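A.B. asks: need the 3D shape of this:
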Amino acid sequence: MTPHHTSKSSSLPAFMAGPRSVIGVDLGQKEDYTAIAVINTRHDQDQVCEIVALKRLPVGTTYTTVVETLLEIKKNPQLRSADLVVDATGVGRPVVDFLWNAGLCPVAVSIHGGDSVSSSRDRYLELRVPKRDLIANLQVLVQNRLIRINPKTQNARLLANELQNIRVRIDPRTAHDSYGAWREGEHDDLVLAVAIAAWYARYIQSLHIRSDSLASEYWKVRYFVAGV
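C.D. replies: Got it, this is the predicted structure:
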């Protein structure tokens, strides 16, 4: 199936040229919140990240209810082709498989403490992403005022508080970084959902100039899902 291209770049598919939506999800475990962030970006402009929706589901929400919530969100015509990116670090593949079987076509992100991004693909794409990459990308967006949210958006104040609680500490002896209030308490679920979505938006932006096998597989999947 041959995609149409924009005049800006012959390698950029038409459905990537306009506003692009990404749904980031931090799946809570038994005693955690589940957080959902919907962001819009444009890849033919500066990497502006507009947060259009934030949702925090109560502690103890079942994964069945999470699936129902995500399916309801995806009914929005503007979000039908949105990428669904899920933190699979704590919940593992069985939960991501559950989302897949429900027809949600998730991308699984596993967060680690290393230095490089790696990937694999079985039924769905799985990305292993350094914690520092997620936070560094979010900090760049914030510092350059590229992340935008209407203060009237539900949970906007909670997100602002979570952003303020992230602190990066560099050990002068080892040069290793650590992060305060990151996966250490219950008050980082919204910022993690945003961080995953924002990082992924930047990640797929880079794929249109790549020719490796991962990029090829990605575009095959996206052409199918987007119906291009």
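A.B. asks: measure I204 to D83 for me?
C.D. replies: 7 Å (CB to CB, to the nearest Å). The way it works is simple: take the backbone N, C-alpha and C, and place the C-beta from them, glycine included.
A.B. asks: for D115, same thing?
C.D. replies: 25 Å.
A.B. asks: between those two, who's got more neighbours?
C.D. replies: D83 (23 against 8; other CB atoms under 10 Å).
A.B. asks: partner residues bridging that one?
C.D. replies: V22 (DSSP bridges).
A.B. asks: so for it, what's the pLDDT?
C.D. replies: Looking at D83, its pLDDT stands at 91.
A.B. asks: for this protein, which spans come out with low pLDDT?
C.D. replies: Scanning the chain for pLDDT under 70 picks out 1-19, 42-46, 166-187, 206-228.
A.B. asks: show me the helices in it, by range?
C.D. replies: 14-17, 63-74, 93-101, 131-143, 156-165, 189-207, 213-226 (DSSP state H).
A.B. asks: L190 is in contact with N155, correct?
C.D. replies: Yes - at 6.1 Å, N155 and L190 qualify as touching, with contact defined as CB atoms under 8 Å.
A.B. asks: the more surrounded of the two?
C.D. replies: L190 (26 against 18).
A.B. asks: wait, isn't the more buried one in contact with N161?
C.D. replies: No - under the criterion of CB under 8 Å, L190 makes no contact with N161, lying 9.0 Å away.
A.B. asks: neighbours of the residue nearest to A37 when sequence neighbours are not counted, how many?
C.D. replies: Nearest non-adjacent residue to A37, counting by CB to CB, 6 or more residues apart in numbering: A193, 3.9 Å away. Neighbours of A193 under the rule other CB under 10 Å: 31.
A.B. asks: any idea how far A193 is from Y124?
C.D. replies: From A193 to Y124 the distance is 18 Å (CB to CB).
A.B. asks: ditto for V91
C.D. replies: 14 Å.
A.B. asks: could you do D83 as well?
C.D. replies: 11 Å.
A.B. asks: now the phi/psi pair for the residue lying closest to V67 once chain neighbours are set aside, please.
C.D. replies: In space, and not counting its chain neighbours, V67 is closest to A102: 4.6 Å by CB to CB, 6+ apart. When quoted as degrees, to the nearest 10, the phi and psi of A102 stand at phi -80, psi 0.
A.B. asks: A102: neighbour count?
C.D. replies: As a burial measure, A102 scores 16 neighbours (other CB under 10 Å).
A.B. asks: that one contacts V66, correct?
C.D. replies: No - assessed by CB under 8 Å, A102 is found out of contact with V66, at 9.6 Å.
A.B. asks: run a quick neighbour tally on the nearest residue to A88 once chain neighbours are set aside.
C.D. replies: Sequence neighbours aside, A108 is the residue nearest to A88 in space, at 4.1 Å (criterion: CB to CB, 6+ apart). The burial count assigned to A108 is 25, neighbours taken as other CB under 10 Å.
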